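Student: No sequence on hand, only this structure:
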């Protein structure tokens with residue numbers, strides 16, 4: 001993907017859980033690399049693992065006896081909130097700001113996550129799937145707040161593809177589940193490209 005659309009080059013905006021923690025300054029630095037008349041393409045996605053026991057939120061890593069969590073930050077934040085621990089104060093957590101931010105954001109959607117768990121008959125996979133959806137939403141909302149079309153020339157456009165990266169078990173190749181795909185123009189127009197690219201949403 002990177003070789004085809006980015007010439008083998010990529011500028012990282014993200015951090016833990018696929019959230020673009022570099023912010024407006026990071027996006028501005030990225031956009032300064034766009035050539036005159038060129039376009040920008042952003043791919044934003046958290047990830048979720050599936051272990052060899054088919055458990056979501058876990059992943060069977062080579063060389064390790066026990067499965068690990070994936071996404072570790074999101075699963076860790078869920079565990080923190082589920083245990084009833086207080087949210088970190090973002091003003092005093094410079095040494096671990098990203099994780100502290102994720103905990104605060106996950107705490108805001110615990111009701112939704114728990115509801116999916118109960119409705120599924122207490123299926124932990126359903127809870128982990130909803131966690132991935134909420135992590136995507138958290139990242140997309142931050143992305144929307146930092147991007148602009150202030151680059152290139154009057155013809156330049158910003159393409160934004162978001163989804164969830166699924167780390168598959170066994171020897172299966174990883175899977176990407178697209179959730180949104182749009183193009184933003186200089187005049188403020190936003191065109192939804194999802195259905196013409198991937199078909200109708202289910």
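Tutor: That came through fine. The structure presented is a predicted model; accordingly, all values stated were derived computationally and were not measured.
Student: Using the three-state scheme, assign residue 161.
Tutor: strand (DSSP: H, G, I helix; E, B strand; the rest coil).
Student: So which bits of stretch 122-139 are buried?
Tutor: Residues 126-139 are the ones in stretch 122-139 that count as buried (16 or more other Cβ atoms under 10 Å). C-betas here are computed from N, CA, C, even on glycine.
Student: Distance check, residue 19 against residue 84.
Tutor: Distance of residue 19 to residue 84, given as Cβ to Cβ, to the nearest Å: 24 Å.
Student: okay, the two: which has more neighbours?
Tutor: Set residue 19 next to residue 84 and count neighbours by other Cβ atoms under 10 Å: residue 19 wins out with 25 against 6.
Student: what packs against whichever strand or helix holds residue 43?
Tutor: Using DSSP states H and E, the element containing residue 43 is strand 40-44. Using 3 or more Cβ pairs under 8 Å, 6 or more residues apart in numbering; DSSP states H and E, the elements in contact with strand 40-44 are helix 124-146, strand 158-167.
Student: how does it look with 10 Å?
Tutor: Other helices and strands packing on strand 40-44, by 3 or more Cβ pairs under 10 Å, 6 or more residues apart in numbering; DSSP states H and E, are helix 2-6, helix 23-31, helix 124-146, strand 158-167, strand 175-184.
Student: re earlier: ok, the buried residues of stretch 122-139 vs residue 54, which is closest?
Tutor: residue 128 (11.5 Å; Cβ to Cβ).
Student: Tell me, how many residues neighbour the residue nearest to the closest one when sequence neighbours are not counted?
Tutor: Using Cβ to Cβ, 6 or more residues apart in numbering and skipping residues adjacent in sequence, the residue nearest residue 128 is residue 57, 3.5 Å away. With neighbours defined by other Cβ under 10 Å, the count for residue 57 comes to 23.
Student: I figured residue 57 was touching residue 123, is that so?
Tutor: No. With contact defined as Cβ atoms under 10 Å, residue 57 does not count as touching residue 123 (11.8 Å).
Student: Find the residues that touch each one of these two.
Tutor: residue 129 (Cβ atoms under 10 Å, 6 or more residues apart in numbering).
Student: Quick check: residue 106 is in a helix.
Tutor: Yes. Counting by three-state DSSP, residue 106 is part of a helix.
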